[in-house]
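>>> Got a predicted structure here, sequence first:
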Amino acid sequence: MEDLISVYDTLTRTQREFQPRDPGRVTIYVCGVTPYDEAHIGHARPAVVWDVIRRYLEYRGYSVHLVQNFTDIDDKVIARGRELGRDPLEISRHYSQRYLEDMAALGVKPAHQYPRVSEHIPEIVEMVRTLVEKGHAYEASGDVYFRVASFPEYGKLSGRSVDELRAGARVEPGEAKESPEDFALWKAARPGEPSWPSPWGPGRPGWHIECSAMALRYLGNGFDMHGGGVELIFPHHENEIAQSEAYTGEAPFVRYWVHNGLVTLREEKMSKSLKNFVTVRELLDRYPAGAIRLYLLSAHYRVPLEFDTERLDEARRAWERLGNALRSLDEVLEREVAAGDEALAAAARLGEEAGRARERFRMAMEDDFNTPQALAALFDLARAGNTAVSLLLRGGPLSLSGDARDGLLRARTALAELGGVLGVVESPCTPSGGAAARFVHGSDQAQGGEDAAVERVGGGVGTGGWDALGRELLGVLLDLRARARGEKNWALADLIRGRLGELGITLEDTPLGTRWRLPGGEGGIR
RNA sequence: GGCGACGUAGCCAAGUGGCAAGGCAGGGGUCUGCAAAACCCCGAUUCCCCGGUUCGAAUCCGGGCGUCGCCUCCA
């Protein structure tokens, strides 16, 4: 890996060359969710962004260790539990499970660990105790506060001065802080709230300490990247730095701070409190996962992203375009097409196009994970592939030459592989010979699938009722329609196409046969 | 009020000193029984406005206008 990846680091406010703590290995901690309600697209953005960063690093040969926490005990969870008359931990367990399901449906590869606050109380207590011993924290009537004045570098991440903060800080009634800017590391238990024993009496962790404790526990001091939304820069991440560096006595706690922009709705931040959120489930109901991902990746991760169903619709069309291109390449590769010289030349040239796309993709991703540019490289490759395919299907005296086959294969592999890094292109020929592939090939042909490395991402959307029987029945209808077309019974052929269309199944007649496609992207040709 | 980000074609969005990527939408053409998909052609003499630096700026500097985020729980 001669070429270095560069990453924008919030702390230094510059884009820096990425050098991991340990060569070849990347450690990442991403602030996860507080599971007290359904996940919305505001949660989906960082999940997908980090999934892509992780996949890209893996694609580049790094071994990645990704940790994402669940803040399973805090004010919001407790409030929700009280509202519903249920155990807060039960609430958070439920919603964290839903979150994991939603993210899996979006094609997000699971993190290596999902630590929960409630399962790391001893680490947190130990850390707080040490901070008290070192004079960085103090106890006040069962609460423990971080003494901001003891950490001169406080404010370095968010660019604030303690004086500034003091002006705006609020002091809750009943708090016994030395200084308004001090923040809670440990909160004394209040009646009816979950609590754990500690040297300061029963209580629970403050909001910021858990991430420090768990990140240090799983990744060690000075790990590589810490992620989260920009709204966490202050106070959450600022406080994390203070606690962690005061605790270890060493800087930096984190090598690169990476923050994603927020999803806005009608120019307003989407959030639970504003009640203007759209859940991931609602979205997955209407759009294929790949389309949602493409939408989320259509803007650079640091800029605000406006939620808009029109843009989701656009993303779906764009996503279909990539899938169609891959499918077309596979279709001509799977058959001996007759082709003329011009077409063969175009196909052979695809080898270079694929190489160019790989290079552009790489340069884009190296430049602070510039996914819009990476996508542009994919679209250009798709166009080149489509051009070659359309020329090939025009027919001619020759069959596919070796060069042409090679070019097609390279293009198809690059498209699947790079699209796989972003999770926006699925390979219809899965290595295991998925249902779609089996249907395409029938029982008498071998699987294609040269490029077995690409994982299947997402899918399944809108295909809930799609089973073996459905597939067989579709086959029957397609055969019937083919016969009708052979007899020039256009009325019947169009009826079948129309009715299937109402079910979301698209039919397209091509020189190679009738191509069918489900809303979720699965498809084939018969 | 303080801190920060942004303002590029109808819409979305890259591009941070040298002739403005890509997607969607739209128009014309090819292919098709029709359709769809796909391909080919067409779109910003110009990048919010005004100054300045430079041989040269969307890109740098200054000012203005506008939008958003953080400063309080929030992905």
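Alright, I've got the coordinates.
>>> okay, and for chain A, where does confidence drop off?
A:1-3, A:164-175, A:266-276, A:395-398, A:427-466 (pLDDT under 70).
>>> excluding its backbone neighbours, what's nearest residue A:125?
residue A:198 (5.1 Å; Cβ to Cβ, 6 or more residues apart in numbering). Every C-beta, even on glycine, is put in place using the N, C-alpha and C of the backbone.
>>> what's around residue A:129, how many residues?
17 (other Cβ atoms under 10 Å).
>>> Please, which helix or strand holds it?
Per DSSP states H and E: residue A:129 is located in helix A:121-133.
>>> hmm, back to that, check contacts around the residue nearest to residue A:125.
A:125, A:128, A:186 (Cβ atoms under 8 Å, 6 or more residues apart in numbering).
>>> Show me the helices in the stretch 151-300 of chain A, by range?
Along the stretch 151-300 of chain A, counting by DSSP state H, counting those that start in this stretch, helices occupy A:162-168, A:209-219, A:238-248, A:280-286, A:289-297.
>>> Compare those and report which one is nearest to RNA strand B.
helix A:162-168 (4.1 Å; Cβ to the nearest atom of the strand).
>>> Return the distance of the residue nearest to residue A:125 relative to RNA strand B.
21 Å (Cβ to the nearest atom of the strand, to the nearest Å).
>>> give me phi/psi at that residue?
phi -160, psi 170 (degrees, to the nearest 10).
>>> now the one 3 residues further on
As for residue A:201, its main-chain torsions (degrees, to the nearest 10) stand at phi 100, psi 170.
>>> RNA strand B versus that one, what's the distance?
From residue A:201 over to RNA strand B (counting by Cβ to the nearest atom of the strand), the distance is 22 Å.
>>> go on, residue A:182?
For residue A:182 relative to RNA strand B (Cβ to the nearest atom of the strand), the value is 12 Å.
>>> CSV please, covering the helices of the stretch 151-300 of chain A and showing distance to residue A:141.
Converted to CSV, the helices of the stretch 151-300 of chain A look like this (distance: least, Cβ to Cβ, whole Å):
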stretch, distance to residue A:141
helix A:162-168, 22
helix A:209-219, 18
helix A:238-248, 21
helix A:280-286, 42
helix A:289-297, 46
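>>> Compare those and report which one is nearest to residue A:87.
When the helices of the stretch 151-300 of chain A are compared by Cβ to Cβ, helix A:209-219 sits nearest residue A:87, at 19.1 Å.
>>> residue boundaries of the strands in the stretch 1-150 of chain A?
A:6-9, A:14-17, A:25-33, A:63-70, A:137-140, A:143-146 (DSSP state E, counting those that start in this stretch).
>>> can the helices of the stretch 151-300 of chain A go into JSON lines with extra columns for mean neighbour count?
Output for these, formatted as JSON lines (neighbours: other Cβ atoms under 10 Å):
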{"stretch": "helix A:162-168", "mean neighbour count": "12"}
{"stretch": "helix A:209-219", "mean neighbour count": "24"}
{"stretch": "helix A:238-248", "mean neighbour count": "24"}
{"stretch": "helix A:280-286", "mean neighbour count": "18"}
{"stretch": "helix A:289-297", "mean neighbour count": "27"}
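>>> For the residue nearest the centre of chain A, which residues are in contact?
To find the centre residue of chain A, average its C-alpha atoms and take the closest one (Cα atoms, centre = their mean): that gives residue A:48, at 1.4 Å. Residues near residue A:48 by Cβ under 8 Å, 6+ apart: A:106, A:108, A:292-293, A:296-297, A:423.
>>> Taking these together, which two end up most distant?
A:108 and A:297 (12.5 Å).
>>> And the helices in the stretch 301-450 of chain A?
Under DSSP H, counting those that start in this stretch, the stretch 301-450 of chain A gives helices at A:309-334, A:341-366, A:371-393, A:402-422, A:435-441.
>>> In TSV, list these along with mean neighbour count and distance to residue A:99.
Listed next are the helices of the stretch 301-450 of chain A as TSV, based on neighbours: other Cβ atoms under 10 Å; distance: least, Cβ to Cβ, whole Å:
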stretch	mean neighbour count	distance to residue A:99
helix A:309-334	20	21
helix A:341-366	20	27
helix A:371-393	21	23
helix A:402-422	22	22
helix A:435-441	20	28
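>>> okay if I get these as TSV plus distance to RNA strand B?
TSV is the format used below for those (distance: least, Cβ to the nearest atom of the strand, whole Å):
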stretch	distance to RNA strand B
helix A:309-334	3
helix A:341-366	7
helix A:371-393	3
helix A:402-422	12
helix A:435-441	16
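>>> Dump those helices to a markdown table, plus distance to residue A:43.
Shown next, in a markdown table, are the helices of the stretch 301-450 of chain A (distance: least, Cβ to Cβ, whole Å):
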| stretch | distance to residue A:43 |
| --- | --- |
| helix A:309-334 | 16 |
| helix A:341-366 | 23 |
| helix A:371-393 | 18 |
| helix A:402-422 | 19 |
| helix A:435-441 | 30 |
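>>> between the ones you listed, which one is nearest to residue A:178?
Among the helices of the stretch 301-450 of chain A, helix A:371-393 sits nearest to residue A:178 (Cβ to Cβ), with 45.7 Å.
>>> what's the angle between the closest one and helix A:341-366?
Angle of helix A:371-393 versus helix A:341-366, following axes from the mean of the first three to the mean of the last three Cα atoms, to 10 degrees, is 170 degrees.
>>> So which elements touch helix A:371-393?
helix A:289-297, helix A:309-334, helix A:341-366, helix A:402-422 (3 or more Cβ pairs under 8 Å, 6 or more residues apart in numbering; DSSP states H and E).
>>> how does it look with 10 Å?
Counting contacts by 3 or more Cβ pairs under 10 Å, 6 or more residues apart in numbering; DSSP states H and E, helix A:371-393 is packed against helix A:41-59, helix A:289-297, helix A:309-334, strand A:338-339, helix A:341-366, helix A:402-422.
>>> Take those and lay them out in CSV including distance to residue A:281.
Compiled in CSV, these are given as follows (distance: least, Cβ to Cβ, whole Å):
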stretch, distance to residue A:281
helix A:41-59, 11
helix A:289-297, 11
helix A:309-334, 14
strand A:338-339, 46
helix A:341-366, 30
helix A:402-422, 22
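>>> which one of the strands of the stretch 1-150 of chain A is the most hemmed in?
Highest mean neighbour count among the strands of the stretch 1-150 of chain A (mean count of other Cβ atoms under 10 Å): strand A:143-146, with a mean of 25.
>>> what are the pairing partners of it, and which direction each?
Sheet pairing for strand A:143-146, assigned by DSSP bridges, gives strand A:137-140 (antiparallel), strand A:183-188 (antiparallel).
>>> if we compare the ones you listed, which one ends up closest to residue A:42?
Judging these by Cβ to Cβ, what sits closest to residue A:42 is strand A:183-188, at 24.2 Å.
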